[in-house]
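Asker: attaching a predicted model along with its sequence, questions to come.
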Amino acid sequence: MGDFSLHDFSVKPALTGDKVVLRPVTAGDADGIWEIVQDPEVVRFTFEPSTELTPEHLRSWYGSRADAPDRLDLAVTDPGTGELLGEVVLYEWDPASRSCTFRTLIGPRGRGRGVGTEATRLIVGHGFEQLGLHRIELEVYGHNHRAPRVYEKVGFVVEGVRREASLRDGEWVDAILMGLLDRDWAALNGPDNGPGKGPADGLNALGSTAR
């Protein structure tokens, strides 16, 4: 397992799978992300009602990600067309505990075909195998029933619930904490257990809308 240092996060990789290619985000992705964040499902499951975004803010944000030494923001793209389907992010790096928080945002054209699962698996695998992370965690809203199933496929397990943590559309919803450790990842993805054979984050981690 690689040494975990600032240099590791400063290198922004491209990760290729069967259904997606993950590449570093750029300012040019802002328009595509702006379109995605207008989707009603993304609004319902991802954003706090007070969240305010503009295309200009997005262009500034995505244009600065290449210089961020303590996080990894990758665009999820279609391998055939290069179309932007969403993003996956490792952030809130804690070097002392070798841990990160994970979030994902998948737009309508990337749903229902395993894109979110593969994108999650690729960046999580990079985090453990190349960055030397010990733990990756996430939170997801309790009324988002699809995303937890995606994370479970990759190996995340439910570790706790913050009951009625947020008011969404007049309804109190729980925040579910899920986590994955390096040894869990290794056990699920070793020589005898290929990827996919495991058990069934502005932008915030609670609303991760992976598919």
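Answerer: In hand now; what should we look at?

Asker: so residue 79, which state does it fall into?
Answerer: Following DSSP: H, G, I helix; E, B strand; the rest coil, the label given to residue 79 is coil.

Asker: can you give me the helices in the protein?
Answerer: Assigned by DSSP state H, the helices in the chain fall at 6-10, 30-36, 40-46, 55-63, 115-129, 146-154, 182-188.

Asker: same list (these) but as JSON lines, adding mean neighbour count.
Answerer: Where C-beta positions appear, they are placed from N, C-alpha and C, glycine not excepted. As requested, those are exported to JSON lines (neighbours: other CB atoms under 10 Å):
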{"stretch": "helix 6-10", "mean neighbour count": "14"}
{"stretch": "helix 30-36", "mean neighbour count": "19"}
{"stretch": "helix 40-46", "mean neighbour count": "18"}
{"stretch": "helix 55-63", "mean neighbour count": "16"}
{"stretch": "helix 115-129", "mean neighbour count": "24"}
{"stretch": "helix 146-154", "mean neighbour count": "21"}
{"stretch": "helix 182-188", "mean neighbour count": "16"}
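
Asker: export the ones you listed as JSON lines, with columns for mean pLDDT.
Answerer: Listed next are these as JSON lines, based on pLDDT from 0 to 100:
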{"stretch": "helix 6-10", "mean pLDDT": "65"}
{"stretch": "helix 30-36", "mean pLDDT": "92"}
{"stretch": "helix 40-46", "mean pLDDT": "77"}
{"stretch": "helix 55-63", "mean pLDDT": "90"}
{"stretch": "helix 115-129", "mean pLDDT": "96"}
{"stretch": "helix 146-154", "mean pLDDT": "92"}
{"stretch": "helix 182-188", "mean pLDDT": "96"}
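
Asker: which stretch among these comes nearest residue 71?
Answerer: Proximity to residue 71 (CB to CB) singles out helix 6-10 among the helices of the chain, at 6.5 Å.

Asker: give me the nearest residue to residue 71, chain neighbours excluded.
Answerer: residue 91 (4.1 Å; CB to CB, 6 or more residues apart in numbering).

Asker: many thanks, have a good one.
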